[in-house]
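Colleague: Pasted the sequence and its predicted model underneath.
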Amino acid sequence: MRRLFLPGVVLLLASVLSMPSRADAASPQKGVPITLGMKYSLRSSILGEERGFFVYLPPGYETSSERYPVLYLLDGDAHFHSATGVVQFLAESMRIPQMIVVGVPNTVRARDLTPPVHGNTQVPGSPRSVEESIPNAGGAERFLRFLEEELAPHIEARYRTRPYRVLVGHSFGGLFAVHTLMNHPRSFHAYIAISPSLWWNNGELVSGAVKSLEQLPPQERFLYMSMGNEGDDMLKPIQQLARTFEQARPERLRWHYSFLEDDHHASTPLRTLYDGLEALFVDWRISEPLMRSGDLAKVEAQYARLAKQLGYELRPAEDPVNVMGYQLLGSGKAEAAIAVFRRNLEWHPDSANASDSLGEALEAAGQLDAALNSYKRALERGIKTGKVHPAYQQHLERVLRKLAPAAKPPEPPPAAGGKAP
């Protein structure tokens, strides 16, 4: 390692020495901070300590009335940046709904994320037992009480949330997620367990999985598990759990296991979160063929099924329905496009863009007065939310010109010899 590192140091020093002095260099331009979220703290009477947490809000949260599912991210101090990026990217790509992300940093990680210790379990790769290596282990039950009874109510009282909680954990956090699903399945609605340490307690969660599945509530739960190429101590328990699920075929659990052959323990979180969220909200996406078809009834039926699955009322996402409307409009089907845009506006009444799109379809159909009103609403809503696209004003002015009375032609000059009026 040292031999490989030294040439890099030499190159770095050479580049630094060749750089102009600070006095010669131009002053760097003052930058503008990029905000990923906010940090807060909460005094926990259950844990007897101050607990920090991070909150990411979807773009446009402050100017909308929308409510959002909440993703609770364990090891928030390590994964908050990447997790919020994944959520925002997938939402803007119309793959999942926008979500609130709550990152939960650690104070004493091994204490909070591990289930109570039973029996004599050896730590993988170590001659020592769990009791010897992690004497403060086993606080998962108390930590879950903190999440359920203090943090989640705090979030839900202060933000517009949907009654849908997603728990994401890696390694011991993945163990905590599976432990929570098996023993307290009502705590969260979806669980993403990344490289879970299921060797804990000699695989107790795996051997007791069938009995635990009997506790599942009527509302479907979701579990997405992953494992990298991490050795038998990590692989064998999760493979056995996947086989158990395959044999038991639990009706109230939708689950998926992914083996990430080219990943190691530290590289699984980002890929798993991306794939896990896509799998959770697989019916959120409106397929390209369905968008091209313009079949609004099929879209509504798809979202009705998804609402039943998730357990809360849903509206189709604005952008793919808007695309559907424009495809109809581009095909010369203005009336069908009007119907799609009107429905989209009903689903998203605060959207300036939805009003503007309806105005374009009405204008194409020759309904200029209605188009004018729609463009006015778009401009008003854009001003209210601070999102005024230049097209809103341009469309409004264009229709006003079309509605303006034609200029009265000048009267012909009087005939020769005639009398001027």
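Modeller: Nice, I can see it. These numbers were taken from a predicted model, which means no experiment stands behind them. Numbering: from 1, shown residues only.
Colleague: now residue 299: how far from residue 278?
Modeller: Using Cβ to Cβ, to the nearest Å, we find residue 299 at a distance of 19 Å from residue 278. Glycine gets a C-beta too; all of them are placed from N, C-alpha and C.
Colleague: Ok, residue 76 next?
Modeller: 22 Å.
Colleague: Could you check which of these two has the larger neighbour count?
Modeller: residue 76 (23 against 17; other Cβ atoms under 10 Å).
Colleague: who touches the nearest residue to the more buried one once chain neighbours are set aside in this structure?
Modeller: Sequence neighbours aside, residue 103 is the residue nearest to residue 76 in space, at 2.6 Å (criterion: Cβ to Cβ, 6 or more residues apart in numbering). Residue 103 sits next to 37, 53-56, 73, 76-77, 79-80, 83 when contact means Cβ atoms under 8 Å, 6 or more residues apart in numbering.
Colleague: Go through those and flag which are in strands.
Modeller: 53-56, 73 (DSSP state E).
Colleague: need those in JSON lines with neighbour count, can you?
Modeller: Shown next, in JSON lines, are the ones in strands among the contacts of residue 103 (neighbours: other Cβ atoms under 10 Å):
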{"residue": "53", "neighbour count": "21"}
{"residue": "54", "neighbour count": "21"}
{"residue": "55", "neighbour count": "18"}
{"residue": "56", "neighbour count": "23"}
{"residue": "73", "neighbour count": "30"}
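Colleague: For residue 242, state which of these is nearest.
Modeller: Set against residue 242, the nearest of the ones in strands among the contacts of residue 103 by Cβ to Cβ is residue 73 (23.9 Å).
Colleague: Can you give me every residue that contacts that closest one?
Modeller: Neighbouring residues of residue 73 by Cβ under 8 Å, 6+ apart: 79-80, 83, 101-104, 168.
Colleague: circling back to that earlier point, of the ones in strands among the contacts of residue 103, just say which sits nearest to residue 309.
Modeller: Of the ones in strands among the contacts of residue 103, the one sitting nearest to residue 309 (Cβ to Cβ) turns out to be residue 73, at 22.6 Å.
Colleague: Just the residues contacting stretch 314-326, thanks.
Modeller: 94, 97, 284-286, 290-292, 294, 296, 299-300, 302-303, 306-307, 337, 340-341, 343-344, 347-348, 351, 353-354, 357, 361.
Colleague: May I have the secondary structure class of residue 71?
Modeller: Assigned by DSSP: H, G, I helix; E, B strand; the rest coil, the conformation of residue 71 is strand.
Colleague: Is it bridged to anything, and to what?
Modeller: According to DSSP bridges, the partner residues bridging residue 71 are residue 101, residue 166.
Colleague: ok, of the contacts of stretch 314-326, which come out buried?
Modeller: The neighbour count (16 or more other Cβ atoms under 10 Å) marks 94, 97, 284-286, 290-291, 294, 296, 299, 302-303, 306, 337, 340-341, 343-344, 347-348, 351, 353-354, 357, 361 as buried among these.
Colleague: Narrow the residues you listed to those in helices?
Modeller: Assigned to helices by DSSP state H, the following of those qualify: 290-291, 296, 299, 302-303, 306, 337, 340-341, 343-344, 347, 353-354, 357, 361.
Colleague: can you redo the contacts of residue 103 as CSV with pLDDT?
Modeller: Converted to CSV, the contacts of residue 103 look like this (pLDDT from 0 to 100):
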residue, pLDDT
37, 95
53, 98
54, 98
55, 98
56, 98
73, 98
76, 97
77, 95
79, 97
80, 97
83, 98
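Colleague: any idea which of those is closest to residue 156?
Modeller: residue 55 (12.2 Å).
Colleague: ok, now which ones touch the closest one?
Modeller: 37-38, 40, 100-103, 155, 159.
Colleague: circling back: helices - which of the contacts of residue 73 land there?
Modeller: When the contacts of residue 73 are checked against helices (DSSP H), the matches are 79-80, 83.
Colleague: May I ask which of those has the most neighbours?
Modeller: Neighbour-wise, the ones in helices among the contacts of residue 73 (other Cβ under 10 Å) top out at residue 83, 25 neighbours.
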